[in-house]
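Chemist: here is the input, now give the coordinates:
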Amino acid sequence: MIKKITPSNWLEPDDVLKGFVRLSPNGQITLRGENYLTYIVRPNLHESVPSYVQELFEVARGAMAYGYFFYPLFTLAMEQLFRVAEAAVKHKCSALKAPKSTKRFEERINWLVNKSIIPQSESGQWKAVRYLRNIASHPERQSISPPNVTIGILERVASLINSLFNNKALKTETK
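Modeler: Predicted coordinates:
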């Protein structure tokens, strides 16, 4: 059941999170907002990533951090991360002067793979991001993902975006 926000509960942890536990070394069950936040703030984008992509990423990450208070924000943040990845790909294609006919996310991914900007070993992950972006952008119903899944996506998307703007790709871009 989704939490109904009220003036008295908006800063209280979402009750759904009571079902997510971790055993501490002494056997006690503990899981607080700080536990989630530790993992959420860990992934970062490199300085080589364009600032507007970094800003989009920070908004998604910030929303995820507040998922502790309103559980569906974990999912909304994850869905936004797919759009952040798309913005990164679009920027990279623009910087490398991809043909103007390369307009769709799938076409841009394929173009970057063909130019070896996206390594073949990562192409499947990028295609999965595109597929998940499509599902998130055209929902038939509300989906809810658990924190461990959304934080995993945060880590993966950060890694993919960083790879897209790594030094090798930057050298290719300036030629």
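Chemist: from here on, contacts and neighbour counts on C-alpha atoms
Modeler: Noted.
Chemist: so which strand or helix has Val129?
Modeler: Secondary structure assignment for Val129, by DSSP states H and E: helix 120-137.
Chemist: got the angle for the following helix or strand past that helix vs helix 120-137?
Modeler: On the C-terminal side of helix 120-137, the nearest following helix or strand under DSSP H and E is helix 147-164. If you take axes from the mean of the first three to the mean of the last three Cα atoms, to 10 degrees, helix 147-164 sits at 130 degrees to helix 120-137.
Chemist: shaky segments in this structure?
Modeler: By pLDDT under 70, the low-scoring segments of the chain are 20-24, 28-31, 167-175.
Chemist: give the residue farthest from the middle of this protein.
Modeler: Relative to the C-alpha centroid of the chain, counting by Cα atoms, centre = their mean, Asn26 is the outermost residue, at 33.5 Å.
Chemist: residues touching it, list them.
Modeler: Applying Cα atoms under 8 Å, 6 or more residues apart in numbering to Asn26 gives no contacts.
Chemist: and if you look at Cys93?
Modeler: Cys93 is in contact with Arg108, Leu112, counting by Cα under 8 Å, 6+ apart.
Chemist: confirm it sits in a helix?
Modeler: Yes: looking at Cys93 with DSSP: H, G, I helix; E, B strand; the rest coil, it is inside a helix.
Chemist: circling back to that earlier point, contacts for the helix holding Val129 next, please.
Modeler: By Cα under 8 Å, 6+ apart, helix 120-137 touches Glu79, Phe82, Arg83, Ala85, Glu86, Phe105, Glu106, Ile109, Val113, Leu160.
Chemist: ok, and the most crowded of those?
Modeler: Neighbour counts for these (other Cα atoms under 10 Å) peak at Phe82, which has 26 neighbours.
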